[in-house]
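[1] got a sequence here, can you build the structure:
(chains A and B, ligands or ions: 2)
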Amino acid sequence: MRIPCPYCGERDLGEFTYGGDASKARPAHGSKGAKTWGDYVFVFENPKGPHVEYWQHTLGCRQWFKLKRDTSTNEILGMEQ
Amino acid sequence: MAKGYSVFSILKHALWPETVWPEAWRKAEPKPNYDIIIIGGGGHGLATAYYLAKNHGVKNIAVLEKSYIGSGNVGRNTTIIRSNYMLGANTAFFEKSMQMWEGLSQELGFNLMVSHRGQMVIGVSPGQMDGLARRGNTMRLNGIDAELFDRKEVEKELPYLDFSKEARFPIWGGLLQPRAGTVRHDAVAWGYARAASALGVDIIENCEVTGILKSGNRVTGVQTSRGKILSDKIGIAVAGHSSHVARMAGLKLPVESHLLQAFVTEPVKPMVHHVVSWGAELFYLSQSDKGGMVFGGHIDGFNNYTQRGQFTKVKEIMECAVTLIPFMARLRLLRHWAGIQDMTPDGSPFICTTPVDGLYLNGGWCYQGFKATPASGLTFAHTIAMNEAHELNKGYELDRLMNGAALDEHGTGLRDYRQ
Ligand SMILES: Cc1cc2nc3c(=O)[nH]c(=O)nc-3n(C[C@H](O)[C@H](O)[C@H](O)COP(=O)(O)OP(=O)(O)OC[C@H]3O[C@@H](n4cnc5c(N)ncnc54)[C@H](O)[C@@H]3O)c2cc1C
Ligand SMILES: [Zn+2]
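    Ligands and ions are numbered 1, 2, ... in the order given. Now for the predicted structure:
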């Protein structure tokens, strides 16, 4: 798989570090309830299809960025803000 | 249907090849309803159906498999079995599985080629040797076989490892579990399928579950590519697709789906007599009966369902192979493939009831579901039949992470690839 870095262009997967689901929202500071925090830490959306996620170009410009990928094909669907 | 296999039946079919082998299990058509439906015809689903019929006397069971039997991870793994666990529920559970392997070929009437060739875990630092000694002691206290080896003793048994002065990760010793070894994985699928079918279980291939039907908080059946099938007890045993199928019932799981690759080289003469695992990186290797080196390492490291491994990981695993076993550099790779694994945060599985009535989960197997197959089937069958955990799977509840009861045994949970 090749990953499009917004600064360096398309590079080999081996240059990147994966950062996981970027759509997960951290519960508001001070949120109550073990379940709220437990779900945030442990439960994953894990869709078979489009997934917005973090990557870092570790062996390049070291920038973190977000992109959308189809987890059933690994097709890159585009960059995210 | 095949009655039993014997020397005579093999001879007969060898001498008269035109006599066709009878099919090993019935090709069943879906009925409108069942007492219990198992989704997923891998090792775990088939074993569960077998023990439901055998131990709990359930007559009307279907196993729904979206593809063919053996197409999933049960036919993709590196076939290693061991019971060198030391945390909570794991120790007794995996040892039970090991004991079940010991008589399973006879019970199923199918040669699983269970080979107790021993597994040697190589330690590459004094700290690791302390860790291995502790693991070995815990195992022995639980009646499980374990022997600690120093460097010289390892060199005597496994002389082909890199014992040179230049070795990047000097070998300090190892922990051997003599009863660990390998099992012919496709035979496990076929053996359980055949034995379950003989007890009346309907094994329905090419039948993908596309929806789970509910009335209120209770399951009532499934929607499939071959129509609607009703049942008020449904067990999920779909390996890498646990999240995908659980979502059909409105459940989200502490699971992410990742690829694990496996590799086999061209066959060579017998050289590696154990399963070898390495402490410097996650790496494990054995030599198949055909002579090929069968090996693997870490998951690819980003969630996906493609079942096609990435080249980056191929390179990394080859580096491990050559670093630990220099002769590997001279072998040619014959094949490699990938399977979709459901990774949990602590690296341990779930065999449990769920918040949905009548819905049961068997998943989150990470790297280790093959060796677990018999005990997984036994305890999942119990959980479904009795609507509560068996003594052995009490630690595998869905809420253990939230309750602070994680079982982080080997540091192989889904977070650990992101050091
Ligand atoms: C490369 C690799 C190496 C491994 N090495 C080892 C090892 O050495 N030792 C060890 O103990 N473990 C190992 N494992 C793990 C082990 O193989 C798995 O944990 C175990 O096989 C999973 O259980 P299963 O056999 O039931 O899975 P599977 O055989 O994958 O069965 C699940 C079945 O569910 C079906 N399915 C999925 N979705 C649906 C649906 N919607 N409807 C109907 N059916 C569906 C699939 O088609 C599949 O056949 C390895 C795994 C991989 C990928
Ligand atoms: Zn870059």
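[2] other SSEs contacting the longest helix along chain B?
    The longest helix of chain B (DSSP state H) is helix B:88-108. For helix B:88-108, the helices and strands in contact under the criterion 3 or more Cβ pairs under 8 Å, 6 or more residues apart in numbering or on different chains; DSSP states H and E are strand B:80-81, helix B:185-198, helix B:369-386. Quick note: C-beta positions are derived from backbone N, CA and C, even for glycine.
[3] can you redo these as CSV with mean neighbour count and distance to ligand 2?
    Formatted as CSV, those follow (neighbours: other Cβ atoms under 10 Å in any protein chain shown; distance: least, Cβ to the ion, whole Å):
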stretch, mean neighbour count, distance to ligand 2
strand B:80-81, 24, 39
helix B:185-198, 24, 41
helix B:369-386, 25, 37
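[4] could you give me the buried positions within stretch B:157-177?
    B:L158, B:L161, B:D162, B:F169, B:I171, B:W172, B:G173, B:G174, B:L175, B:L176, B:Q177 (16 or more other Cβ atoms under 10 Å in any protein chain shown).
[5] again but with stretch B:269-277, I slipped
    Those would be B:V272, B:H274, B:V275, B:V276, B:S277, for stretch B:269-277 by 16+ other Cβ under 10 Å.
[6] out of the residues you listed, which touch ligand 2?
    Applying Cβ under 5 Å from the ion to the buried residues of stretch B:269-277, one finds that nothing falls near ligand 2.
[7] just list the residues touching residue 51, thanks.
    Using chain A here. The contact partners of A:H51, by Cβ atoms under 8 Å, 6 or more residues apart in numbering or on different chains, come to A:D21, A:S23, A:E45, A:K68, A:R69, A:D70, A:T71, B:N303.
[8] switch to chain B, that's the one I care about
    Going by Cβ under 8 Å, 6+ apart, B:Y51 touches B:G377, B:L378, B:F380, B:A381, B:H382.
[9] mind redoing it with 7 Å?
    When contacts are counted by Cβ atoms under 7 Å, 6 or more residues apart in numbering or on different chains, B:Y51 touches B:G377, B:L378, B:A381.
[10] isn't there a strand covering it?
    No. Under DSSP: H, G, I helix; E, B strand; the rest coil, B:Y51 falls outside any strand and is assigned helix.
[11] so how far is B:T91 from it?
    As judged by Cβ to Cβ, to the nearest Å, B:Y51 and B:T91 stand 21 Å apart.
[12] buried stuff in the helix or strand of chain A with the lowest mean pLDDT?
    Ranked by mean pLDDT, DSSP states H and E, the weakest helix or strand in chain A is helix A:34-42, scoring a mean of 91. Using 16+ other Cβ under 10 Å as the test for burial, helix A:34-42 gives A:G38, A:D39, A:F42.
[13] would you agree the last one is in contact with B:P254?
    Think A:F42. Yes. If you go by Cβ atoms under 7 Å, A:F42 and B:P254 touch, sitting 4.2 Å apart.
[14] which residues are in contact with each of these two?
    Counting by Cβ under 7 Å, 6+ apart, the residues touching both A:F42 and B:P254 are B:P345, B:L401.
[15] please name the residues that touch the closest residue to B:G131 other than its chain neighbours.
    Of all residues not flanking B:G131 in the chain, B:G123 sits nearest, at 7.6 Å (Cβ to Cβ, 6 or more residues apart in numbering or on different chains). The neighbourhood of B:G123, defined by Cβ under 7 Å, 6+ apart, consists of B:M129, B:L132, B:W172, B:G173, B:G174, B:G279.
[16] try it again at 10 Å.
    By Cβ atoms under 10 Å, 6 or more residues apart in numbering or on different chains, the contact set of B:G123 is B:129-133, B:148-151, B:154, B:169, B:171-175, B:278-280.
[17] what's the answer for B:C320, then?
    B:169, B:278, B:280-285, B:295-298, B:328.
[18] and it, helix, strand or coil?
    Per three-state DSSP, the secondary structure class of B:C320 is helix.
[19] spell out which parts of chain A neighbour chain B.
    For chain A, the residues in contact with chain B (Cβ under 10 Å from any Cβ of the partner chain) are A:1, A:3, A:12-21, A:34-35, A:37-39, A:41-49, A:51, A:53, A:55, A:69-75.
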